[in-house]
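In: Next comes the sequence, and after it the predicted model I'd like to discuss.
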Amino acid sequence: MEGPQLEKIDDFTWRIPRQGPMRTEGILFANETLMKGIRGDECVQQVMNVACLPGIVGPSIAMPDIHWGYGFPIGGVAAFDSREGVVSPGGVGYDINCGVRLIRTHLEEKKVRPQIRGLIEALFREIPAGVGSRRHDVRLSVEDEKQVLSKGVRWAVENGFGEAQDLERIESHGTLPGADPSCVSQRSLERGRDQLGTLGSGNHFLEIEVVQEIFDLNVARAFGLFEGQVVVHIHSGSRGLGYQICDDYIEVMLKAAQKYKIDLPDRQLCCAPLASQEAQDYLAAMSAAANYAFCNRQLMTHFTRRAFENFFKASPGDLGMEIVYDVAHNIAKMEDHVWKGEKKRVCVHRKGATRAFPANHPELTAQYQSVGQPVFIPGDMGRYSYVLVGEPRAMEIAFGSCCHGAGRVMSRMKAKKASKGRNIFREMEDRGIIVRSQSLDGVREEISEAYKDVADVVDVVHHGGLARKVAKLCPMGVIKG
Amino acid sequence: MKPRFEWLDHTGDVGIRVYGRDLREIFVYATKALREALVSGEGRRQKKPLVIDLCGDSSEILLLHFLKEILYFFETQKGLPLRLDIKKLEENHIVADVWTDLFDPRYHVLKTEIKAVTYHQLSIQKVEQGYQAQVIFDV
């Protein structure tokens, strides 16, 4: 298919010139290899559609892991002026604050690898995974759930699911201000009540990984990472609560777009002016879902620590299971940025994109001030993931953002066809990776070849100056949703 | 005869294309497709029917809201749609009893977590032999 014309700016950056109703240009970060899959794909049109929305500041941005989403592409970043711009639930996605957390340990590969199967089984018992997974030991009262929505990880720490220092190592300290449970529907509350501390399904995972390679020793030290170290990587979000909030507010925003006479190239781009009541209500509900998601990953951290302590019969001090960081990759946040020399308050939508603030950013916790924010880019379950650190150029050209993962290249249907007749569990085991899942279909949909090689994606943000490579992680054990 | 629904290939998600001689069949087969996306197998215990009385600005939006109700019922009550008893169906109004079986891991295999029924490329079109609808689920 012939797509719109793309102009090459440099080896890692492409421009979609402003045309038709676009209010700004599109900027796409990719190399020649990735461009082969992107050119002619519908996601390019989606980048252009986002550029049509009112109050957009700077370009409509696409990361190298871009793929077709609803309205906004997955792997899209767009900032909107706080006075003239809009907020769109489609620019965040259904899984609000889907994100990634990395936990380091004092353990080394040689101790863990011989016992990996037992460890994965222990974790599988502690952390419910799969479609509609629920916890029976943490069923929240209505009041508790509202506290989770308001306080985020602070609620977890107050209730024995973590330590005070955990808060320092989570984006926004695990609590977005402005969360208001009264803006969250009964349906959302009901869907979230017994899902806190569960992994969910799809591409969500909990992995035991080993630090295989260090690229930047100084930063790795600051993150507490060393070669041969065992780490735990968790990818999950706000579960049914977040899906329902997005769903509810898409209905609100469809009406709002009509009311405020906003032309929509696609219904899923529905939005409202940031100054409107509809937008403020959405941001309050979205923040509540974000707090739930931070708290969800916190509870899984708690149960992971417990599983490790029991399995290795070791104290928390011996295991040293501290959070490296926790970052959202589906979120909209009010942030201060400088664009073309002018300081602006903007609502940055990151849908399948990670915040990547550089050193000395005021929002960073003290211990990362001198190096920058940790960024985690998971790959597929059979290959590797990366730890990066935010770079100053991310602030200059991408509102402090970078990519979020490998990005699918194969539909779930195609992946299932491609894996028919194959024993994926055995194939993974042959590569030294133990996989555990509730669902055979779920594992087949997640085969390595269903994804781009995350190394290609990471190379683009590394050479493009958005985030710098720090370490490469390889999976030993995987729990899939 | 053409199958009454087919799966659509969508990079991140699951889509269905549904064929029906009339709107009633579109709702019946779209419900069947949603069930097949969620689970395989059939339970032994039936729940009281989910009573649906919904309005929408158009038939496609009505279908979207209808499927959302069924998904929500599954998410919160574990009821899976088994049979539809449509009492009234107009372009923008449906009244139906949805007979369901209760999800039971002994009889059902969960397949996909559907986060939402989306507006993305949502359509119902009149075609030569009746109607054709398309719905994309976020998974």
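Out: Noted; the coordinates are in hand. Numbers count the residues shown, from 1 in each chain, chains lettered A, B, ... in the order given.
In: how about the residues of chain A that lie near chain B?
Out: With the criterion set to CB under 8 Å from any CB of the partner chain, chain A comes near chain B through A:67-71, A:74, A:94-95, A:130-132, A:187, A:190-191, A:200-202, A:240, A:243-244, A:246-247, A:250, A:254, A:266-268, A:408-414, A:438-439, A:441, A:481. To be clear about C-beta, it is placed using only N, CA and C from the backbone, and glycine gets the same treatment.
In: can we see that at 7 Å?
Out: A:67-70, A:74, A:94-95, A:130-132, A:187, A:190-191, A:200-202, A:240, A:243, A:246-247, A:250, A:267-268, A:408, A:411-414, A:439, A:441 (CB under 7 Å from any CB of the partner chain).
In: Just the buried residues from these, in ChimeraX please.
Out: Buried members of those, identified by 16 or more other CB atoms under 10 Å in any protein chain shown, are gathered into one ChimeraX selection as follows:
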select /A:67,68,69,70,74,94,95,130,131,132,187,190,191,200,201,202,240,243,246,247,250,267,268,408,411,412,414,439,441
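In: what residue lies at the spatial centre of chain B?
Out: residue B:31 (2.4 Å; CA atoms, centre = their mean).
In: That residue should be in a strand, yeah?
Out: No. Counting by DSSP: H, G, I helix; E, B strand; the rest coil, one finds residue B:31 to be helix, located in no strand.
In: where do the helices sit along the stretch 251-400 of chain A?
Out: Secondary structure of the stretch 251-400 of chain A (DSSP state H, counting those that start in this stretch): helices at A:277-312, A:316-319, A:392-398.
In: my read: residue A:15 touches residue A:29, true?
Out: No. The criterion here is CB atoms under 7 Å, and residue A:15 misses it with residue A:29 at 11.0 Å.
In: between those two, which one's more packed in?
Out: Each of residue A:15 and residue A:29 has its neighbours counted (other CB atoms under 10 Å in any protein chain shown); residue A:29 has more, 28 against 15.
In: Remind me which helix or strand residue B:60 belongs to.
Out: Following DSSP states H and E, one finds residue B:60 within helix B:59-77.
In: what's in contact with that helix?
Out: With contacts defined as CB atoms under 7 Å, 6 or more residues apart in numbering or on different chains, helix B:59-77 is touched by A:132, A:187, A:190-191, A:240, A:247, B:23, B:26-27, B:30-31, B:34, B:38, B:47, B:50, B:52, B:54, B:56, B:79-81, B:91-92, B:94, B:98, B:114, B:117, B:119, B:122-124, B:133, B:135.
In: Mind checking which of the residues you listed are buried?
Out: Those of these that meet the buried threshold are A:132, A:187, A:190-191, A:240, A:247, B:23, B:26-27, B:30-31, B:34, B:38, B:47, B:50, B:52, B:54, B:56, B:79-81, B:94, B:98, B:114, B:117, B:119, B:122, B:124, B:133, B:135, by 16+ other CB under 10 Å.
In: List the single closest residue to the residue in the stretch 301-450 of chain A positioned nearest to chain B in space, sequence neighbours excluded.
Out: Using CB to the nearest CB, residue A:411 is the residue of the stretch 301-450 of chain A that sits closest to chain B, at 4.7 Å. The shortest distance from residue A:411 to any non-neighbouring residue, by CB to CB, 6 or more residues apart in numbering or on different chains, is to residue B:9 (4.7 Å).
In: how many neighbours does the one you found have?
Out: 13.
In: that older thread, now, the contacts of helix B:59-77 that are in strands?
Out: B:47, B:50, B:52, B:54, B:79-81, B:94, B:98, B:117, B:123-124, B:133, B:135 (DSSP state E).
In: Now the helix holding residue B:60: buried residues?
Out: Buried residues in helix B:59-77 (16+ other CB under 10 Å): B:59-76.
In: Rounded mean pLDDT for it, please.
Out: Averaged across helix B:59-77, pLDDT comes to 95.
In: quick one, it and strand B:46-55 angle?
Out: Put simply, helix B:59-77 runs at 150 degrees to strand B:46-55, going by axes from the mean of the first three to the mean of the last three CA atoms, to 10 degrees.
In: Output the lowest mean pLDDT helix or strand found in the chain.
Out: Answering for chain A, as no chain was given. helix A:440-445 (a mean of 87; mean pLDDT, DSSP states H and E).
In: meant chain B actually
Out: For chain B, judged by mean pLDDT, DSSP H and E, that is strand B:109-110, with a mean of 86.
In: ok so, going back, quick check: the spatially closest residue to the residue nearest to the centre of chain B that is not a sequence neighbour vs residue B:135, distance?
Out: Counting by CB to CB, 6+ apart, residue B:31 lies nearest to residue B:81, which is 4.9 Å off, once chain neighbours are set aside. To residue B:135, residue B:81 is 14 Å away according to CB to CB, to the nearest Å.
In: and the longest strand for chain A?
Out: Under DSSP E, chain A gives strand A:467-480 as its longest strand.
In: so where's the chain shaky on pLDDT?
Out: Looking at chain A here, since you left the chain open. Scanning chain A with the threshold set as pLDDT under 70 gives A:1-3.
In: wrong chain, I was asking about chain B
Out: In chain B, residues with pLDDT under 70: B:1-3, B:12.
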